[in-house]
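S.K.: pasting the structure only:
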Ligand SMILES: CC(C)[C@H](C(=O)O)[C@@H](O)C(=O)O
Ligand code: SF4
């Protein structure tokens, strides 16, 4: 019987089969940040097991509150930093060289097709864009992963979502994933792996695939995976040149991580994106989604462009197309957060930061910032934020605040108009 991508990755990493339902896998990469990893570190220390299974397979970053905002967050950063030094974890990214975990780790080429990846962070599914099985785990699993390099998972049950047609102008990967979550619901993929396939995925850049995979968790998905192809190999080329004679050879090798034609899926769904309009959430669940035309005119106090969903250079470029030569509305403030130091540098070199500043945006340093309501743009009670992030939970970006999720294009149009706005008239 043919296998799905996740089944192939499981078969190649199987360390132990606990039952038909539960398997222990060898983990290729353990990713760490300063919010959840310090809890695992302190517990390992307490148990007299302050060791790491392989420092070269552990990557760590200070990203959630960067620079720290108070003694507590400074201590969390210090615990991670001291641990990385103690164990000679060379891929550790500190203030000044850091970035949002799900943006910086792919940017450094750490995630490869066929990899197993874990992290104590729910949006680890982002890395499935590379054809990897990447899942967010709890602190106990993270601890075991750090110590032993293994993690147990349920046998993968895969939903196949085929994206057909062609994305119309003004509609992006963010709109596609919002529309999917709107359709299947916040529990629509619970305990499932989502395999994204079809011509729309094939034509997406790696940045767009990461945006698509990033929000699988908002539908409850364990992981989301795109088949690795030439786009994947081209993106990774600077990091894999020593392993392959050519990109063609890498593409041929990556093909082993594509699903078999006779793979069996638990469910299959086809979505034609040709008529999809930009999507915006309303209320407090990510599946509460409407087309922008229905949401247009909704008042907004703040526009936030950034995060592991949409803080990449492609996202900043898109927003800048709309902001160039325009001012944001007097009634709101804009905050843009390039997701990594490299993205910041690139945006500076391309003049994008000047465009943002000229339009009236505040440009922040790379960080998760206000995405999780911990720093750098927290909302006041009763305020509304148009945001390119991934969660609109009640109080997510500040107690009593409301978040409308949308694409960078829609966020930029909203910033200019002053209320939620359709980006399409700005693009024609
Ligand atoms: C802090 C971390 C545990 C959390 C997560 O896992 O998602 C954060 O990244 C978030 O987006 O809320
Ligand atoms: S940017 Fe937001 S969603 Fe992404 S890892 Fe940071 S806090 Fe979580």
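M.R.: Ah, there it is. Every value quoted in this text rests on a predicted model; they were computed, and no experiment measured them. Ligands and ions are numbered 1, 2, ... in the order given.

S.K.: what sits closest to residue 261 if chain neighbours are left out?
M.R.: residue 2 (6.4 Å; C-beta to C-beta, 6 or more residues apart in numbering). Using the backbone N, CA and C atoms, a C-beta is placed for each residue, glycine as well.

S.K.: ramachandran angles for that neighbour?
M.R.: The phi and psi torsions at residue 2 (degrees, to the nearest 10) take the values phi -70, psi 160.

S.K.: how far away is it from ligand 1?
M.R.: Distance of residue 2 to ligand 1, computed by C-beta to the nearest ligand atom, to the nearest Å: 33 Å.

S.K.: what's the spacing between that residue and ligand 2?
M.R.: For residue 2 relative to ligand 2 (C-beta to the nearest ligand atom), the value is 34 Å.

S.K.: and residue 298, by the same measure?
M.R.: 22 Å.

S.K.: so that residue sits right up against residue 384, yeah?
M.R.: Yes: counting by C-beta atoms under 8 Å, residue 298 touches residue 384, with 7.4 Å between them.

S.K.: overlap in contacts, those two.
M.R.: Contact criterion C-beta atoms under 8 Å, 6 or more residues apart in numbering; residues bridging residue 298 and residue 384 by contacting each: residue 404.

S.K.: confidence score at the residue of the chain most remote from its centre?
M.R.: Of all residues in the chain, residue 48 has its C-alpha farthest from the mean position, at 34.0 Å, by C-alpha atoms, centre = their mean. Per-residue pLDDT puts residue 48 at 97.

S.K.: that one is in what secondary structure piece?
M.R.: Per DSSP states H and E: residue 48 is located in neither a helix nor a strand.

S.K.: how about the residue of the stretch 1-150 of the chain found nearest ligand 1, what does it touch?
M.R.: Here the stretch 1-150 of the chain gets closest to ligand 1 at one residue, residue 122, 3.5 Å apart by C-beta to the nearest ligand atom. By C-beta under 8 Å, 6+ apart, residue 122 lies in contact with 136, 217.

S.K.: helix/strand/coil for residue 413?
M.R.: helix (DSSP: H, G, I helix; E, B strand; the rest coil).

S.K.: surely residue 308 is in contact with residue 104?
M.R.: No: checked against C-beta under 8 Å, the pair residue 308 and residue 104 is beyond contact range at 9.5 Å.

S.K.: what do the two both touch?
M.R.: Joint contacts of residue 308 and residue 104 (C-beta under 8 Å, 6+ apart) are residue 339.

S.K.: what about the closest residue to residue 333 other than its chain neighbours, how many neighbours?
M.R.: In space, and not counting its chain neighbours, residue 333 is closest to residue 302: 5.4 Å by C-beta to C-beta, 6+ apart. Applying other C-beta atoms under 10 Å, we find 24 other residues in the vicinity of residue 302.

S.K.: wait, what's in contact with residue 302?
M.R.: 332-335, 377, 379, 383-386.

S.K.: reformat those residues as JSON lines; add neighbour count.
M.R.: Putting those into JSON lines (neighbours: other C-beta atoms under 10 Å) gives the following:
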{"residue": "332", "neighbour count": "22"}
{"residue": "333", "neighbour count": "18"}
{"residue": "334", "neighbour count": "25"}
{"residue": "335", "neighbour count": "21"}
{"residue": "377", "neighbour count": "25"}
{"residue": "379", "neighbour count": "23"}
{"residue": "383", "neighbour count": "17"}
{"residue": "384", "neighbour count": "19"}
{"residue": "385", "neighbour count": "28"}
{"residue": "386", "neighbour count": "29"}
